[in-house]
Each structure stands twice: as C-alpha cells, then as structure tokens.
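Engineer: what's the 3D shape of this:
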Amino acid sequence: MIALPAVDLRDGLAVQWVGGRPATERIRMPDPVAVAMRWISAGFTQLHVVDLDAALETGSNRDMIGRIVAETGVPCQAGGGVRDEAAIQSMIDTGVRRVIVGTTAIENPAWLVSMSHTFPDRLTVAADVRAGIVVTRGWTRDTEFGVDELLSTLDALPLAGVLVTDVGREGSELGVDVPLFRRLTSLTAHPLHAAGGIASLQDLSDLETAGVAGAVLGMSLYTGRLDAETTAREFSS
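Structural biologist: Numbering: from 1, shown residues only. Modelled structure (predicted):
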C-alpha cells in the first residue's frame, strides 16, 4: 500500500479542513510548492492534490497544480472541479498521472462511461461519503444513493481506481473506519484508495491488511501526529 500526502489548495495556499468544511480550517500555509517538496524530501513518492476552489466553483488553482507536478517530479493524482473533457485534458497536459473526477462522474454516469473510454486508466472516481451517503459539489450536496451502490456501477469501466473519502472523519485525526474500507475493497475490482481520519501507523497497517491500495494523508501529517519520514519509509509502494 502506498501513502500519498494531500496538498489541498485554496486561494493559492495549502490548507487543511476538518470534515470538508471551510469554516473548520486548521492549517494554512503560504507556499504549496514548498509544502509538496517537504513531503517529497521526507521520502513520499506520490502526491494527492486537490483544487478546493474549483470544487466549490469559487476559483481555480490549476496553475499551482502544474507547478507542483513540474517541481516535485513525482506522480500526482489531482482533481477538484473536473467537470468536462477539456478539464481532464488540461490536467493530463500539466503532467497529472491520475485525474480525479467526482461530481460530474457521479451525477452523470453516461459522461463517466464516455470519459473513461476516452482516457482509459487515467481517471480516479472520487466517492466522497458522509454517513454512508455519497456527497458531491465539494461535499455540499447529498445524493440519493450509498457508496455500495455507486461502486457496483464502476467495475466495467477502465478506471485507474476509486478514492473513497470518509468525510465525517476527514481532518479529525480520530482514526480510520477500517470496517468500512474492508467492506468496500470487497465491492470493487478497482484499486481503492482511502481517506478520512487516518491518524496512526496502525491505521495504515490495518488499511493495508484490509486490501486498500493507497491511503491519502492530510491533517495527521500536517500536525505531526504521523511522522512523515517513518510513514514514507513504511508505506511507499
């Protein structure tokens, strides 16, 4: 299992929120490229980058994503507000390895089918979950179906993987819901990445045992609860 530090972008800054809500911001750092390089220097070999402004339809940090990709030189999965073919192509043109698609992929299944075949093995579907319900539009809108139902529709598509974020635990450092992710890995044929609440090396070990392919790390790295160098050394592939 590989661990990926998250670099979340808002107003050109690197930020960390609790529960996916802007009012709960705990971390604000002025140089996202320096933040990304800090994680690479610690030994991490991939990054997870999200444009929160684009996700919330309040702006764009696309140029910053390009800088992070170019200056770190490591594979990055990136997303946030990717809602049409041009946006996917733009991400790929900046060097992004896997493009994260969420809102439009979930709200318009036909679009996801088309895009997955246009960009085979380049798209990761973000299934953001609160209390078992998939949420969209920057975690602000509940859908009418659960994550199990969503995963069941994705197996036939040529995706790079699925990213499930436990929004209720995101940024909380309360520990990961291992039973949730153990169940979800059994429901998808795609590599599954987990996010939300990861706070210890034991959490990561438990996710690896559960069959999770990757873990996205946010608040616990930024607060130092997870030692970056130790984590990178133990979960780098």
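Engineer: Run through the helices of the chain in chain order.
Structural biologist: 32-42, 52-55, 62-72, 85-93, 103-107, 109-118, 147-152, 178-185, 201-209, 219-222, 228-234 (DSSP state H).
Engineer: The first one versus helix 62-72: what angle between them?
Structural biologist: What that stands for is helix 32-42. 30 degrees (axes from the mean of the first three to the mean of the last three Cα atoms, to 10 degrees).
Engineer: list the helices and strands helix 32-42 packs on?
Structural biologist: strand 2-10, strand 13-16, strand 47-51, helix 62-72, helix 228-234 (3 or more Cβ pairs under 8 Å, 6 or more residues apart in numbering; DSSP states H and E). (C-beta placed from N, C-alpha, C; glycine too.)
Engineer: quick one: contacts of it?
Structural biologist: With contact meaning Cβ atoms under 8 Å, 6 or more residues apart in numbering, helix 32-42 is reached by 5, 7, 9, 12-14, 29, 47, 49, 61, 64, 67-68, 71-74, 221, 228-229, 231-232.
Engineer: chain center to that helix: distance?
Structural biologist: From the chain centre to the centre of helix 32-42 is a distance of 17 Å (Cα atoms, centre = their mean, to the nearest Å).
Engineer: picking up where we left off before, reformat the helices of the chain as JSON lines; add distance to G168.
Structural biologist: Formatted as JSON lines, those follow (distance: least, Cβ to Cβ, whole Å):
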{"stretch": "helix 32-42", "distance to G168": "25"}
{"stretch": "helix 52-55", "distance to G168": "18"}
{"stretch": "helix 62-72", "distance to G168": "27"}
{"stretch": "helix 85-93", "distance to G168": "28"}
{"stretch": "helix 103-107", "distance to G168": "18"}
{"stretch": "helix 109-118", "distance to G168": "25"}
{"stretch": "helix 147-152", "distance to G168": "12"}
{"stretch": "helix 178-185", "distance to G168": "10"}
{"stretch": "helix 201-209", "distance to G168": "15"}
{"stretch": "helix 219-222", "distance to G168": "14"}
{"stretch": "helix 228-234", "distance to G168": "23"}
